[in-house]
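Trainee: Sequence first, then the predicted structure, then my questions.
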Amino acid sequence: MYVELEGEGPTYLRLYRGLRSAITGGGLAPGTRLPSTRELAAELDVSRNTVLRAYEQLLAEGLASATHGGTFVGASAPEAPASAGPSCVVVPLAPAGLRIVEAARSSLLRKLMELERVPYDFIFGIPDPTIFPLPAWRRALAHAADRASNRVLSYGDPRGDDQLRAMIVDHVTRHRGVRCTSDDVVIVGGAQQALDLAVRLLVAPGDAVLLEDPGYPTMHMLLDAAGAEMIAAPVDGDGLDLSGLSSSELSRCRVAYVTPSHQFPSGAVMSRERRDELLVWAADTGATIIEDDYDGDYRHVGPPLPALQGLAPERVLYVGTFSKSLFPSLRLGYAIVPRALREAFAAAKWVSDWSEPTLLQRAVAHLMQKGDFQRHVKRSAAVYRRRRDALVDALDTGIPGVRVRGGDAGMHVVAWLPVATEALPDVVAGARAVGVGVYSIAPFFIRPPPASGIVLGYSSLAEGALREGIARLAPIVAQARRG
Ligand SMILES: Cc1ncc(COP(=O)(O)O)c(C=O)c1O
């Protein structure tokens with residue numbers, strides 16, 4: 001335990017003062033077990049008697065209590081100030097720091113994730129943990145730990161573990177039509193880090209970035225933090241539509257961010273024509289396209305359209321993640337980086353946090369080598385497809401006039417409701433009051449939304465619960481429709 005000896009005088013008094021400050025300052029929470037007198041004496045190189053006297057003083061003041069199990073910080077110890085009061089020191093932030101704080105404060109996804117979950121919660125983007133293959137994952141972790149050589153335990157390659165990079169190449173070339181070798185792959189801390197590194201490398205304050213509208217709010221947050229200008233193009237059933245943007249807007253952007261396989265949040269799959277249009281724009285302007293393939297492992301209807309990257313590997317920075325196919329707290333994703341950006345991207349990763357934990361990367365590599373990953377993706381895709389079918393059926397039969405879109409891939413759909421946009425907040429609140437969590441699409445828009453849509457994730461609810469949720473939602477929508 002770290003404790004500072006405070007002030008002047010005998011050592012036991014200085015130790016007592018140090019412990020008291022730690023307790024009253026909140027560094028040692030009520031109920032924390034203090035080290036034994038023997039341990040602390042050895043650690044501080046003082047006599048046991050010194051520690052004993054310091055503890056006695058704390059006991060006398062009610063700042064600690066003693067039981068047969070040891071000495072504990074008293075339950076009644078004064079609590080630390082709950083928040084920064086007026087006497088707190090103010091640390092001035094740099095402009096970039098201020099932008100980060102401001103952007104994070106207004107983060108939509110953070111607010112949604114912090115909402116209390118309700119029984120019929122159509123929260124999106126969260127895989128079902130009950131179908132995760134825990135035994136295979138345990139075996140993979142044990143396999144990695146058993147082979148933890150000195151190399152594995154030392155600092156890793158900033159681009160990531162070579163075994164995992166090789167498995168990712170195999171996966172994305174086989175299933176996503178990506179064209180790459182291991183040299184193009186950088187393992188990152190989830191898609192989020194890939195987006196962050198890309199923005200840091202490519203976007204200066206004031207730079208214009210081309211975006212889908214509606215779009216991924218966390219990317220908006222990164223761009224706000226970078227001080228970028230967002231140029232939003234609308235999305236229709238064919239994905240990003242550039243036709244409404246002026247040529248000056250288009251020529252100013254040097255970076256575009258898109259989710260072509262399953263547009264977030266509308267769910268549109270970008271058509272081949274729109275992909276070609278975007279690539280022609282990028283070739284003409286010399287722009288880099290960031291392709292976020294966040295749920296590309298899940299395709300429910302027809303063969304997947306290959307990733308944009310496969311059509312133009314030198315223009316597209318492809319981002320993939322294990323957050324949906326395995327679990328979000330794993331925090332592992334990958335960037336497939338154009339050759340011209342290879343060195344810069346690996347450098348940014350290194351500067352940021354050196355590398356992802358090698359042991360964890362080896363465990364995922366093993367899961368892939370054994371085929372457990374692929375089996376899980378196949379199995380979970382079948383489960384999600386059944387849930388999607390149940391949800392679409394419940395919406396179509398339960399809510400007259402609804403238009404369900406975005407169900408060809410991924411883990412969520414958008415239901416466009418036959419109610420006025422002003423009525424949508426009441427629908428969302430009314431649903432929550434009867435235990436149903438649905439999420440308005442409006443805050444995902446930069447410009448005003450054209451209609452009343454709700455984003456409905458179906459990955460974390462069983463079929464019966466999906467149907468019950470929609471049965472509860474239907475009368476609320478009907479009421480709002482009547483006005
Ligand atoms: C559009 C989009 N990109 C990326 C991600 C995933 O990010 P990460 O891999 O950091 O968990 C999500 C998560 O929901 C997402 O919706």
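Mentor: Nice, thanks for sending it over.

Trainee: Could you use CA atoms for every contact and neighbour count after this?
Mentor: Will do.

Trainee: what about the residue nearest the centre of the chain, helix or strand, and which?
Mentor: Centroid-nearest residue in the chain: Gln192, 6.1 Å away (criterion: C-alpha atoms, centre = their mean). According to DSSP states H and E, Gln192 maps onto helix 190-202.

Trainee: Would you indicate which residues of that helix are buried?
Mentor: Gly190, Ala191, Gln192, Gln193, Ala194, Leu195, Asp196, Leu197, Ala198, Val199, Arg200, Leu202 (16 or more other C-alpha atoms under 10 Å).

Trainee: Strands of the stretch 351-483 of the chain, residue ranges please.
Mentor: Ranges of strands within the stretch 351-483 of the chain are 403-405, 412-417, 436-437, 439-440, 452-457, based on DSSP state E, counting those that start in this stretch.

Trainee: that older thread, quick check: what element follows the helix holding Gln192 along the chain?
Mentor: On the C-terminal side of helix 190-202, the closest following helix or strand by DSSP H and E is strand 208-213.

Trainee: can that following strand be found next to the ligand?
Mentor: No. Strand 208-213 is not in contact with the ligand by C-alpha under 6 Å from any ligand atom; minimum separation 10.8 Å.

Trainee: Listing partners with orientation, what would you give for that strand?
Mentor: When pairs are called by DSSP bridges, strand 208-213 turns out to pair with strand 229-236 (parallel), strand 255-258 (parallel).

Trainee: Of all the ones you listed, which one comes closest to Val91?
Mentor: Nearest to Val91, of all these, is strand 229-236, at 27.9 Å by C-alpha to C-alpha.

Trainee: Contacts for the closest one next, please.
Mentor: Here strand 229-236 makes contact (C-alpha atoms under 8 Å, 6 or more residues apart in numbering) with 205-214, 223, 240-242, 244-245, 249, 253, 266, 268, 446.

Trainee: lowest confidence element among the helices and strands of the protein?
Mentor: The least trusted helix or strand in the chain, going by mean pLDDT, DSSP states H and E, turns out to be helix 108-114, with a mean of 87.

Trainee: what's the next helix or strand after that one packed up against?
Mentor: Sequence order places strand 120-121 as the next helix or strand after helix 108-114, per DSSP H and E. Packing partners of strand 120-121 (3 or more C-alpha pairs under 8 Å, 6 or more residues apart in numbering; DSSP states H and E): strand 436-437, helix 463-482.

Trainee: now, of the ones you listed, which is deepest in the fold?
Mentor: strand 436-437 (a mean of 25; mean count of other C-alpha atoms under 10 Å).

Trainee: In terms of secondary structure, what does that strand contact?
Mentor: Going by 3+ C-alpha pairs under 8 Å, 6+ apart, strand 436-437 lies up against strand 120-121, helix 463-482.

Trainee: and the ones you listed as CSV, adding mean pLDDT and distance to Leu44?
Mentor: Below are those laid out as CSV (pLDDT from 0 to 100; distance: least, C-alpha to C-alpha, whole Å):
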stretch, mean pLDDT, distance to Leu44
strand 120-121, 98, 52
helix 463-482, 97, 58
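
Trainee: Any idea which of these gets closest to Leu134?
Mentor: Proximity to Leu134 (C-alpha to C-alpha) singles out helix 463-482 among the helices and strands packed on strand 436-437, at 22.4 Å.

Trainee: quick check: angle from that closest one to strand 452-457?
Mentor: Interaxial angle of helix 463-482 relative to strand 452-457 (axes from the mean of the first three to the mean of the last three C-alpha atoms, to 10 degrees): 170 degrees.

Trainee: Could I get the CA-only coordinates of helix 463-482 as PDB?
Mentor: Extracted as PDB, the C-alpha positions of helix 463-482 are listed here (Å, rounded to 0.1, in the frame of the first residue of the first chain):
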ATOM      1  CA  GLU A 463     -38.200 -14.200 -30.300                       C
ATOM      2  CA  GLY A 464     -41.000 -14.300 -27.800                       C
ATOM      3  CA  ALA A 465     -39.700 -11.100 -26.100                       C
ATOM      4  CA  LEU A 466     -39.400  -9.400 -29.500                       C
ATOM      5  CA  ARG A 467     -43.000 -10.100 -30.200                       C
ATOM      6  CA  GLU A 468     -44.200  -9.100 -26.800                       C
ATOM      7  CA  GLY A 469     -42.300  -5.800 -27.100                       C
ATOM      8  CA  ILE A 470     -43.900  -4.900 -30.400                       C
ATOM      9  CA  ALA A 471     -47.300  -6.000 -29.000                       C
ATOM     10  CA  ARG A 472     -46.800  -3.400 -26.300                       C
ATOM     11  CA  LEU A 473     -45.600  -0.700 -28.700                       C
ATOM     12  CA  ALA A 474     -48.400  -1.100 -31.200                       C
ATOM     13  CA  PRO A 475     -51.200   0.600 -29.200                       C
ATOM     14  CA  ILE A 476     -48.900   3.500 -28.400                       C
ATOM     15  CA  VAL A 477     -48.100   4.000 -32.100                       C
ATOM     16  CA  ALA A 478     -51.800   3.700 -32.900                       C
ATOM     17  CA  GLN A 479     -52.700   6.400 -30.300                       C
ATOM     18  CA  ALA A 480     -49.900   8.700 -31.700                       C
ATOM     19  CA  ARG A 481     -51.200   8.200 -35.200                       C
ATOM     20  CA  ARG A 482     -54.700   9.300 -34.200                       C
END
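
Trainee: what does stretch 329-336 rub up against?
Mentor: Under C-alpha under 8 Å, 6+ apart, the answer for stretch 329-336 is 180, 184-191, 194, 317-323, 356, 361.

Trainee: Mind doing that once more with 6 Å?
Mentor: 184-191, 317-322 (C-alpha atoms under 6 Å, 6 or more residues apart in numbering).

Trainee: re earlier: out of the strands paired with strand 208-213, which is the most enclosed?
Mentor: strand 255-258 (a mean of 22).

Trainee: Which residues of the stretch 301-450 of the chain lie near the ligand?
Mentor: Checking the stretch 301-450 of the chain against the ligand by C-alpha under 6 Å from any ligand atom, the hits are Thr321, Ser323, Pro328, Gly333.

Trainee: Low-confidence stretches in the protein?
Mentor: 76-88 (pLDDT under 70).

Trainee: and if we set it to 80?
Mentor: 75-90, 303-304, 483 (pLDDT under 80).

Trainee: which helix of the chain spans the most residues?
Mentor: helix 372-398 (DSSP state H).

Trainee: in that one, what counts as buried?
Mentor: In helix 372-398, counting by 16+ other C-alpha under 10 Å, buried: 372-374, 376-377, 380-381, 383-388, 390-392, 394-395, 398.

Trainee: so Tyr12 makes contact with Leu52?
Mentor: No. Using C-alpha atoms under 6 Å, Tyr12 makes no contact with Leu52, being 8.2 Å away.

Trainee: Compare the two (neighbour count), which wins?
Mentor: Taking other C-alpha atoms under 10 Å, Tyr12 and Leu52 do not tie; Tyr12 has more neighbours (21 against 18).

Trainee: Please name the residues that touch Leu456.
Mentor: Phe122, His412, Val413, Val414.

Trainee: what about 8 Å?
Mentor: Phe122, Ile123, Phe124, His412, Val413, Val414, Ala415, Val438, Tyr439.

Trainee: quick one: the first one from Tyr12, how far?
Mentor: When you say that, I think you mean Phe122. From Phe122 across to Tyr12, the span is 58 Å (C-alpha to C-alpha, to the nearest Å).
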